[in-house]
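Asker: need the 3D shape of this:
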Amino acid sequence: MNKFLLLLLLPFMLNAINYEITVPANVDFFDSEIIVYENELISIKSEGIWQYDPRPNFKTGPDGLVKGQFSLGALQVKCNNNIFLIGSEWEGVMLENCTLKFGMYDNIGHANNIGSLNVNIEIEREVLEEITEDEIEEEKQEELVEEKVEMNDSSNDKVCSILMFLVLLCAGALYVKEN
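Answerer: Okay, here's the model as predicted:
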């Protein structure tokens with residue numbers, strides 16, 4: 001495919017796909033059923049309140065409560081066997097194909113956890129459709145026809161401009177002659 005054409009079409013070939021899910025606190029990993037592919041850019045934002053312990057002092061948002069080097073109660077995502085803390089906002093590129101699974105980081109267990117988070121996922125997905133040689137040739141022919149029409153329009157504009165100039169010149173000459 002023509003590189004110039006590809007550059008022109010690139011903004012239209014990228015589609016942002018948005019998902020909105022609710023991740024419960026009381027499951028190990030919630031299967032979002034959202035499939036991502038290698039090298040896709042993903043943005044995740046989350047909000048809400050959940051608890052990693054039923055006692056009142058353990059309420060937290062998606063960033064969790066920092067206890068030592070771990071953020072208990074933080075939102076995490078799992079892509080195949082890779083797990084990473086994402087908290088309230090995360091953006092990155094997926095290194096492999098997988099189905100996204102979300103959960104709370106909790107080293108005790110999830111059965112007694114309370115609440116849920118609202119999670120928004122945006123995936124920049126490339127939609128490349130196969131373009132046949134016939135379609136490329138047809139597009140070139142359309143461009144040639146458009147160029148010819150533009151050239152004709154341009155020629156017509158020049159003729160009209162010259163005629164207008166002559167009319168104004170004659171009108172000016174008549175005005176000068178009368179005065």
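
Asker: for the longest helix along the chain, what is the average pLDDT?
Answerer: Counting by DSSP state H, the longest helix found in the chain is helix 133-178. Mean pLDDT, computed over helix 133-178, is 74.

Asker: so how far is it from its chain's centroid?
Answerer: Relative to the mean C-alpha coordinate of its chain, helix 133-178 is positioned 42 Å out (C-alpha atoms, centre = their mean, to the nearest Å).

Asker: now do the domain split for the protein, please.
Answerer: What automatic domain parsing lists as the domains of the chain is 13-126, 131-179.

Asker: let's have the ones you listed in a markdown table, adding mean neighbour count.
Answerer: Backbone N, C-alpha and C define where each C-beta goes, glycine included. Below are the domains of the chain laid out as a markdown table (neighbours: other C-beta atoms under 10 Å):
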| stretch | mean neighbour count |
| --- | --- |
| domain 13-126 | 16 |
| domain 131-179 | 10 |
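
Asker: show me where the chain has helices.
Answerer: With DSSP H, the ranges of helices along the chain come out as 3-13, 133-178.

Asker: quick one: the spatially closest residue to residue 50 that is not a sequence neighbour and residue 80, what's the gap?
Answerer: In space, and not counting its chain neighbours, residue 50 is closest to residue 115: 3.2 Å by C-beta to C-beta, 6 or more residues apart in numbering. Distance of residue 115 to residue 80, given as C-beta to C-beta, to the nearest Å: 27 Å.

Asker: longest strand in this protein, by number of residues?
Answerer: Longest strand of the chain, by residue count under DSSP state E: strand 114-126.

Asker: sheet partners, orientation included, of that strand?
Answerer: Applying DSSP bridges, strand 114-126 is found paired with strand 14-24 (antiparallel), strand 41-51 (antiparallel).

Asker: looking at those strands, which is closest to residue 179?
Answerer: strand 14-24 (66.6 Å; C-beta to C-beta).

Asker: what sits up against the closest one?
Answerer: Contact with strand 14-24 is made by 30, 32, 34, 46, 75, 102-104, 115-127, as judged by C-beta atoms under 8 Å, 6 or more residues apart in numbering.
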